[in-house]
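Student: Sequence unavailable; structure follows:
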């Protein structure tokens with residue numbers, strides 16, 4: 001049971017990858033999944049309250065369930081002009 005995890009912009013720089021896999025059974029929510037990566041990459045933790053996340057191309061919050069085969073994406077805050 002795996003999920004595809006995508007990191008964009010500075011989050012990819014922090015993790016050293018744009019894409020990873022995780023075990024869906026170990027991460028019941030988007031927040032739990034992010035917490036696992038933040039434990040591995042402590043600099044991610046400073047983004048915890050700021051990041052945007054998506055599940056299968058739709059915005060998701062920390063309580064959104066994660067299921068086998070999902071694609072979860074994490075985005076840092078962005079601004080436009």
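Tutor: In hand now; what should we look at? In this text, all values refer to a predicted model and were calculated from it rather than measured experimentally.
Student: buried ones in the longest helix anywhere in the chain?
Tutor: Using DSSP state H to define each element, the chain has its longest helix at helix 30-40. Counting neighbours by 16 or more other C-beta atoms under 10 Å, one finds that the buried residues in helix 30-40 are 30-31, 33-34, 37-38. The C-beta positions use only the backbone N, C-alpha and C, and glycine is treated the same way.
Student: ok, now stretch 53-69?
Tutor: Neighbour-count burial for stretch 53-69, with 16+ other C-beta under 10 Å as criterion, is recorded at 53-55, 60, 64, 66.
Student: out of these, who's nearest residue 25?
Tutor: Comparing those against residue 25 with C-beta to C-beta places residue 66 closest, at 9.3 Å.
Student: And that closest one, how far from residue 19?
Tutor: With the distance defined as C-beta to C-beta, to the nearest Å, residue 66 ends up 16 Å from residue 19.
Student: Once you drop chain neighbours, what's closest to residue 9?
Tutor: For residue 9, ignoring the flanking residues on the chain, the nearest one in space by C-beta to C-beta, 6 or more residues apart in numbering is residue 76 at 5.1 Å.
Student: Correct me if wrong: the one you found contacts residue 49.
Tutor: No. Under the criterion of C-beta atoms under 8 Å, residue 76 is not in contact with residue 49, lying 11.7 Å apart.
Student: quick one, which of these two is more surrounded?
Tutor: The residue with more neighbours, out of residue 76 and residue 49, is residue 76; 17 against 8, by other C-beta atoms under 10 Å.
Student: Model confidence at that one, what's the number?
Tutor: Residue 76 carries a pLDDT score of 90 in this model.
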